[in-house]
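Trainee: Quick one: sequence plus predicted model below, questions after.
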Amino acid sequence: MVKTIQEFLSLAREAVRKGLKITANQRVLLVTGNESADLDSFTSSLVFAYLTATHPTPAFQNRTYSHIIPIVNIPREEVSLRPELHYLLSTLSIPESDVICKDEFLSSLSSTEADCESVDVMLLDHNNLLSDLGAKFGKNVIGILDHHADEELHKDADPRVIEPVGSCTTLVIEYYKDFFSTETADREEAKSISDISGLALAPILVDTANLTSKAVKRDFEAVKLLSTAVLDGADPLESYYSALMSAKRSIDDFSLRDILRKDYKEWHEDNGRSVGISSSVRSLKWTVEKFGVKAFKAGIEKWAKEERKLDAYVFMDSFVDEKEGYRRDLLVTISSEKGDDCVRRFVKAAKVEFKLKEFTEEDCIADLKVDEKAGFWFYRQDNLKASRKQVAPLVRKYMQS
Ligand SMILES: [Mn+2]
């Protein structure tokens, strides 16, 4: 019987390394977060997989799996772009190599139809399985816990909880409430509950800026429940939050391309148009000044047009300004002729919806200029509540029409 999260992950890792052999009547449960592979996606899927393996709810008691495999929905080479993940794993003494990446999972299965059929998928932190995973296993989604806009798919999934809380991990805590409420005298068990609780706290604190932004009552309740289970001493929340944030912000050595792909999502609409959105924890100003206007613009173009072949590209930041406090900017570019009209209409709508303001002389960024004709805009975003969760559906709406 698996006891600790470390043991669980290392066994799953070993099974994937050996090759997932699926024989008759055996099924694999793939547990995955979204392609940004942020702390929320990583943690919610890891915690969900672990608890489903060790403390299944009734919905999972009559489904038997030979393997329950949590993955990070990115290729191995992109893990290094997530220093916050590295930090979180180190607090739990989990080697980074024990984390299973998308490419490793895919090459562990034979790609026969029968093998693909034997994989059930549990989605955390998204409700529509995209890209190569979607093409292979999109029909096999059996459960969803998510806090993004509901794309109305997989109506028979059980559980199917899609609700606007601050962090998807909050939904996992609620789903496994009994585990987190367990009081135990057993030291090993207490340590295990404490480890999982500390892990689960991380994305909730990061996604809600330590419960100061976007947190709803349910996030507060989840944090309260988890804090009581963490064995550490006084006021761990504030210092834990700042340690996570400084790990997340430590991207000074990153290339521009790495910054653009670190927290990136892309959508392909049925009409063939596509849009990509990067989100960064460092400001637009910091980024432009670090690389220079020319290299910045060239880098954006290279990423959007050449590498991703997009029709529209958006760069969002969210950061704390020394004088003004929490801030956001939004940069939008047209990346193809096909995207031209859609993006222009999106920018018009976004100006109202997200309260976009032009940069003043005072807060200008080097000689970066809006170029209406070329389709290159950037604004201060005064609607601070609008993250990619709000921006993506709006830009997609215009890309679809
Ligand atoms: Mn999330």
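Mentor: Sure thing, it's come through.
Trainee: now whichever residue of the chain sits closest to the ion: how far from residue 15?
Mentor: Evaluated by CB to the ion, the chain has residue 40 as its residue closest to the ion, separated by 3.5 Å. Quick note: C-beta positions are derived from backbone N, CA and C, even for glycine. In this view, residue 40 and residue 15 are 25 Å apart by CB to CB, to the nearest Å.
Trainee: Please apply the same query to residue 344.
Mentor: As judged by CB to CB, residue 344 and residue 15 stand 50 Å apart.
Trainee: who's more crowded, residue 40 and residue 15?
Mentor: Comparing residue 40 with residue 15 by other CB atoms under 10 Å, the one with more neighbours is residue 40, at 25 against 18.
Trainee: Check which helices and strands the stretch of helix or strand the more buried one belongs to sits against.
Mentor: Assigned by DSSP states H and E, residue 40 belongs to helix 39-54. If you count contacts as 3 or more CB pairs under 8 Å, 6 or more residues apart in numbering; DSSP states H and E, helix 39-54 packs onto helix 5-18, strand 28-32, strand 67-71, helix 83-91, strand 119-124, helix 168-175, helix 187-207.
Trainee: Could you give the separation of the fourth one from the chain centroid?
Mentor: Looking back up the chat, that one is helix 83-91. 15 Å (CA atoms, centre = their mean, to the nearest Å).
Trainee: about what we covered before: okay if I get the helices and strands packed on helix 39-54 as CSV plus mean pLDDT?
Mentor: Output for the helices and strands packed on helix 39-54, formatted as CSV (pLDDT from 0 to 100):
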stretch, mean pLDDT
helix 5-18, 96
strand 28-32, 97
strand 67-71, 97
helix 83-91, 95
strand 119-124, 97
helix 168-175, 98
helix 187-207, 93
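Trainee: Dump those to CSV, plus distance to residue 280.
Mentor: Shown next, in CSV, are those (distance: least, CB to CB, whole Å):
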stretch, distance to residue 280
helix 5-18, 29
strand 28-32, 23
strand 67-71, 24
helix 83-91, 13
strand 119-124, 23
helix 168-175, 21
helix 187-207, 14
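Trainee: So which residues on this structure come close to the ion?
Mentor: Within the chain, the residues that sit near the ion (CB under 5 Å from the ion) are 40, 125, 168.
Trainee: before we move on, the earlier item: who touches the nearest residue to the residue of the chain closest to the ion once chain neighbours are set aside in this structure?
Mentor: Nearest residue to residue 40, sequence neighbours excluded (CB to CB, 6 or more residues apart in numbering): residue 203, at 3.9 Å. Neighbouring residues of residue 203 by CB atoms under 8 Å, 6 or more residues apart in numbering: 38, 39, 40, 42, 43, 44, 167, 168, 169.
Trainee: Counting neighbours, which of these comes out on top?
Mentor: residue 169 (36 neighbours).
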